[in-house]
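Student: Sequence plus predicted model, see below.
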Amino acid sequence: MLTKKEDVTDVINEDATLASQWHIKFKEAMIHKAPYTKRWLEYMDAYNGEYFKNKNLPEYKSNMVSNFIFSTIETIRPIMIDNDPKFQSVPRQPEGMKFSNDLNEALMYEWDREGMNVKIYRELINVLTIGTAVFFIPYNANDKKIQGIPVNPFNIFVDPLATCVEDAEYIIYAKYMNVVPLRRLFPKKAELLHGSRINYSELVQNNDKNANIQNQILVLDIWTKDYEVEEKINANEKITKSKYPNGRHIILCPEIGVVLKDTASPYSDGYPFVLVKDYDVPDKFWGEGEVAQLISPQKYLNELNNSVVDTAKATANMPWIIDKNAGIPYGKITARPGLVIRKNPGTEVKREQAPQMPLYVTNSIEVIKSDIQQISGIYDSLRGDGVTGVYTAQGILALQEAGQVRIRLKVKLLEEALAKIGQKWFSRMKQYWKDDKWLLLTKPDGSYDMKKFVTEVLDYDYDVKITAGSTMPVNRSAMLDLMIRLAQTPMPDGMPLVDREAVAEYLPMEIKAAMLERMSGNNQNLEQLQQAVEQLAQQLQQVAQQSEQADVEIMKTVQEITTAIEKINEQIIQLQSKHDKIENERMKEERENKIKDDAYNRGYTDAEKIMSGENEPLGMDELQGMQEGQLPEEILRGIEDMSDDELALLLQTNPELTDLI
């Protein structure tokens with residue numbers, strides 16, 4: 001059985017082996033990064049102006065530095081992040097849509113709490129100078145908050161084959177720490193920790209080899225992908241799974257062989273680093289900055305400027321030529337204005353004429369200045385300098401907007417990096433925020449408000465984006481003029497294109513706050529008016545309901561009267577029908593009586609005529625016809641002239657005529 005001392009010895013040996021392995025990888029990454037480190041040091045000196053200062057020049061030579069690199073970078077920097085970024089959370093599930101605005105407010109609260117705008121503004125110097133800035137996004141378990149920590153790019157070392165953060169096999173953050181605080185952080189390893197001298201000056205702030213050189217320990221904070229697997233037997237089944245599914249986190253001191261921490265990565269979204277680049281070079285891990293292209297013309301511009309200054313100093317005080325016997329003591333001739341010189345007769349005292357500066361020198365200076373503008377894309381119009389032939393406000397704004405084309409590309413890369421930071425921030429919130437929180441929000445008028453953030457928001461997945469161009473500056477005067485004109489432009493429905501809030505958005509803050517306050521009071525009055533209108537509408541509705549009930553009663557009465565009238569009409573129709581029937585029967589009876597009377601009278605008249613002999617007696621043919629069942633022609637014509645009713649009545653009274661007819 002191994003003793004406790006032997007166990008400790010084995011652990012120490014394992015730690016030493018692990019520290020040695022990573023020390024080798026650290027040196028490999030450092031060698032691969034060495035060309036970048038050398039250039040970056042020159043670029044930082046160029047930004048500060050130290051690169052162009054020649055300390056070995058004699059006193060009479062000029063050493064003036066007109067640093068256009070500094071001017072260019074400081075022109076770009078405020079334009080890139082003039083406004084706060086606007087977060088836009090896009091839910092991956094439709095159920096999360098209603099919480100999107102809550103997450104946006106939480107991200108803005110965290111952004112303000114951590115002071116990320118100031119950190120971004122500072123780190124833009126690294127972005128524009130050396131081409132890359134690095135942010136570390138951890139969760140501080142002691143303070144229980146998410147942090148956004150700018151990391152010096154000089155202290156980051158990556159896998160030599162890496163082209164981006166995602167495909168790097170490992171990322172190492174190297175720094176020197178004093179032994180005392182390091183022992184407090186890792187008390188179990190305190191006995192093994194002892195200080196030493198600084199061996200890598202590029203890891204020290206300002207690259208100063210003489211800064212705090214005593215009791216310093218090189219510490220490597222390593223984040224790596226580890227493909228080690230472990231096997232477990234579960235229900236007689238061997239299961240193989242990754243030992244570090246989210247990666248591995250190691251902290252060690254390579255020069256003394258001490259491992260301070262070796263655990264699985266606590267974060268499920270990969271490496272907790274985000275790179276911000278000025279120019280993203282394909283297949284390169286590090287970006288490129290402005291100084292790389294400007295340092296050469298800046299160097300020659302300084303040399304030409306110093307030549308002009310030296311020539312000016314020389315020609316402004318040309319040498320004197322004096323005969324020895326002129327009688328002028330040594331040192332009496334100076335460059336004092338109005339100098340009076342007394343000399344001996346017959347001697348000569350004269351001063352050489354200054355040669356003219358060649359025109360190609362001044363022309364070359366202007367050409368180099370123009371080249372610097374062409375290379376950087378920063379023209380005089382962006383600095384507010386006037387342009388010949390452009391005098392109107394709209395024309396100047398158009399020139400400035402056209403001059404921001406190159407800057408807009410930088411802003412796009414910046415906003416993509418900020419979106420990655422926001423995505424990792426959301427990942428930390430989802431992983432570590434377990435309770436509801438109160439957020440302090442800034443309202444548009446500058447006042448503050450408290451809002452409760454519920455963890456139900458974090459039950460869904462979101463893609464965090466930055467609204468394009470939200471960090472770019474806005475010409476508030478031009479936008480205010482535009483909003484006023486839009487507010488005066490009516491739409492077909494009579495409403496203006498924009499409301500009062502849109503106009504107030506671009507007012508100066510001191511005016512905006514007061515106006516929003518008045519608008520808030522007006523809104524309250526409007527709400528009271530709306531409430532009064534609603535109450536009046538309710539009263540009108542009640543009156544309408546009562547009127548409707550009265551109308552129902554009236555309609556019911558009308559319906560009853562209508563029903564009664566319909567019944568009376570039916571009775572009238574029945575009576576009319578009975579009356580018509582009686583009248584028809586009476587008229588029919590009268591007609592029948594008339595037919596009978598007419599038939600009787602006519603028959604009687606005919607009989608009288610026959611009896612009186614007025615008519616000729618019937619011949620044999622007529623008598624024979626009557627005997628055979630035929631009636632005389634006169635009778636037949638009389639019968640034909642009868643109506644149907646008269647004929648029917650005749651046949652009814654004389655049925656024997658049926659056979660004769």
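Tutor: That came through fine. Numbering: from 1, shown residues only.
Student: Contact partners for residue 164?
Tutor: With contacts defined as C-beta atoms under 8 Å, 6 or more residues apart in numbering, residue 164 is in contact with 275, 285. C-beta coordinates here come from the backbone N, C-alpha and C atoms, glycine included.
Student: Need the contact partners of the strand or helix carrying residue 295.
Tutor: Per DSSP states H and E: residue 295 is located in helix 291-315. Here helix 291-315 makes contact (C-beta under 8 Å, 6+ apart) with 39, 42-43, 46-47, 51-52, 60-69, 72-73, 128-131, 354-355, 357, 361-362, 364-365, 368-369, 371-372, 375-376.
Student: Can you verify my assumption that residue 198 contacts residue 178?
Tutor: No - in this structure residue 198 lies outside contact range of residue 178 using C-beta atoms under 8 Å: 11.4 Å.
Student: Can you pick out the residue with more neighbours from these two?
Tutor: residue 198 (17 against 13; other C-beta atoms under 10 Å).
Student: Wait, a strand at that one?
Tutor: No - if the criterion is DSSP: H, G, I helix; E, B strand; the rest coil, then residue 198 is coil and not within a strand.
Student: Quick one: neighbours of residue 228, just the number.
Tutor: Neighbours of residue 228 under the rule other C-beta under 10 Å: 8.
Student: contacting residues for it?
Tutor: Counted by C-beta under 8 Å, 6+ apart, residue 228 has contacts 242-244.
Student: Which of those fall in strands?
Tutor: Cross-referencing these against strands under DSSP state E gives residue 242.
Student: returning to that earlier point: what about the helix holding residue 295, distance to the chain center?
Tutor: Centre-to-centre, helix 291-315 and its host chain are 46 Å apart (C-alpha atoms, centre = their mean, to the nearest Å).
Student: Mean confidence (pLDDT) on that helix, please.
Tutor: Averaged across helix 291-315, the pLDDT comes to 86.
Student: cool, stretch 103-122 as well?
Tutor: The model assigns stretch 103-122 a mean pLDDT of 92.
Student: what's the span of stretch 347-363 from first residue to last?
Tutor: 43 Å (C-alpha to C-alpha, to the nearest Å).
Student: Can you list the neighbours in contact with that stretch?
Tutor: Contacts for stretch 347-363 (C-beta under 8 Å, 6+ apart): 304, 307-308, 311-312, 314-316, 318-323, 325-328, 341, 343.
Student: still on that earlier bit, which one of the contacts of residue 228 has the most neighbours?
Tutor: Counting by other C-beta under 10 Å, top hit in those: residue 244 with 17 neighbours.
Student: who's in contact with that one?
Tutor: Counting by C-beta under 8 Å, 6+ apart, residue 244 touches 225-226, 228, 264-265.
Student: Would you mark the buried spots in stretch 438-456?
Tutor: For stretch 438-456, a neighbour-count test (16 or more other C-beta atoms under 10 Å) marks 439, 453 as buried.
Student: measure it end to end?
Tutor: 14 Å.
Student: Going along the chain, name the helices of the stretch 101-250 of the chain.
Tutor: 116-129, 179-185 (DSSP state H, counting those that start in this stretch).
Student: for the ones you listed, which one sits closest to residue 438?
Tutor: Nearest to residue 438, of all those, is helix 116-129, at 20.1 Å by C-beta to C-beta.
Student: Can you list phi and psi of residue 20 for me?
Tutor: phi -70, psi -40 (degrees, to the nearest 10).
Student: how close does it sit to residue 232?
Tutor: 30 Å (C-beta to C-beta, to the nearest Å).
Student: quick one on the thing from earlier: now the two most distant members of the contacts of residue 244.
Tutor: Spanning the widest gap among the contacts of residue 244 are 228 and 265, at 13.1 Å by C-beta to C-beta.
Student: Check which element follows the helix holding residue 295 along the chain.
Tutor: Where DSSP H and E defines the elements, the next helix or strand beyond helix 291-315 is strand 320-322.
Student: contacts for that next one?
Tutor: The contact list for strand 320-322 (C-beta under 8 Å, 6+ apart) reads 328, 333, 343, 347-352.
Student: Just give me the neighbour total for residue 56.
Tutor: Counted with other C-beta under 10 Å, residue 56 comes out at 6.
Student: secondary structure class for it?
Tutor: Per three-state DSSP, residue 56 ends up coil.
Student: Quickly find the element holding residue 438.
Tutor: Per DSSP H and E: strand 437-442 holds residue 438.
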